[in-house]
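In: curious how this folds, go ahead:
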Amino acid sequence: GTLDYLKEKEVPMVYAATGINDLYQEGATGNDRAVMPLQPIYKTEGRVLLARALAATTDDVGLGASKVGVISTTDDAGKGILEGIQRQAEETTAPIVYAETAAASGTNHTAAVNQIKTAGCDVVIVAANQAPFGEILNAMRDAGLNAKVITSYVSADTATLNNLIVAGSITADRPVYTT
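Out: This is a model prediction of the structure:
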């Protein structure tokens with residue numbers, strides 16, 4: 001909410017605690033150059049997530065997807081990551097299935113998960129923050145959707161991941177990778 005004010009007043013901003021797309025403007029000039037995010041920008045991260053999902057499994061770098069499912073939330077994080085995925089998708093002919101779900105915690109993600117499961121996706125990108133990420137993983141468990149999952153660094157919190165392991169939502173058949 002303060003981004004425009006900081007730019008207007010020529011106040012340098014270093015390390016915003018978010019990856020929203022508004023923090024990065026390619027080819028920025030003037031006061032826009034004073035914004036220096038250190039965390040990955042969601043749009044850029046979305047591109048990396050899809051590239052890694054599709055990359056060959058050589059040297060354990062890629063996930064070797066034959067069909068990618070994308071479950072995205074409707075908040076800034078989900079929309080930002082999705083924008084990057086869609087941009088990266090322009091460079092591939094690989095099949096990608098998109099399913100949108102609400103961003104609010106406590107949302108039922110069953111429809112999105114079932115859409116991805118029915119499509120036969122072997123890698124799922126979860127474009128969401130921690131709370132919906134956990135709910136989506138639990139919905140995948142409940143639906144019996146076993147696929148490799150890759151998601152944003154924002155969901156790489158060890159407490160969140162440990163709770164999902166204990167709940168049986170992360171398993172050997174449903175491993176989770178993060179940036």
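In: now the helices for the chain?
Out: 3-8, 42-54, 76-89, 110-119, 130-143, 158-166 (DSSP state H).
In: and the angle for the fourth one with helix 130-143?
Out: Read that as helix 110-119. With axes from the mean of the first three to the mean of the last three C-alpha atoms, to 10 degrees defining the directions, helix 110-119 sits at 50 degrees from helix 130-143.
In: give me the buried stretch members for helix 110-119, please.
Out: For helix 110-119, burial by neighbour count (16 or more other C-beta atoms under 10 Å) applies to 112-113, 115-117. Any C-beta I mention is one placed from the backbone N, CA and C, and that applies to glycine too.
In: what does the third one give?
Out: Buried residues in helix 76-89, counted by 16+ other C-beta under 10 Å: 76-86, 88-89.
In: between those, which is nearest Asn108?
Out: Gly78 (15.9 Å; C-beta to C-beta).
In: just give the nearest non-adjacent residue to that closest one, would you?
Out: Ser72 (4.3 Å; C-beta to C-beta, 6 or more residues apart in numbering).
In: so what's the residue count around the one you found?
Out: 27 (other C-beta atoms under 10 Å).
In: any idea how far it lies from Val113?
Out: Noted for Ser72: a distance of 13 Å to Val113, by C-beta to C-beta, to the nearest Å.
In: any common contacting residues for the two?
Out: Counting by C-beta atoms under 8 Å, 6 or more residues apart in numbering, the contacts common to Ser72 and Val113 are Ala99.
In: now for this protein, the helix or strand with the poorest mean pLDDT.
Out: Every helix and strand in the chain was compared by mean pLDDT, DSSP states H and E; the lowest is strand 35-36, with a mean of 72.
In: can you pull the contacts of the residue most central in space within the chain?
Out: Centrality entry for the chain: nearest residue to the mean C-alpha point is Ala127, 2.9 Å, by C-alpha atoms, centre = their mean. Contact partners of Ala127, counting by C-beta under 8 Å, 6+ apart, are 46, 49, 70-73, 77-78, 81-82, 85, 151-152.
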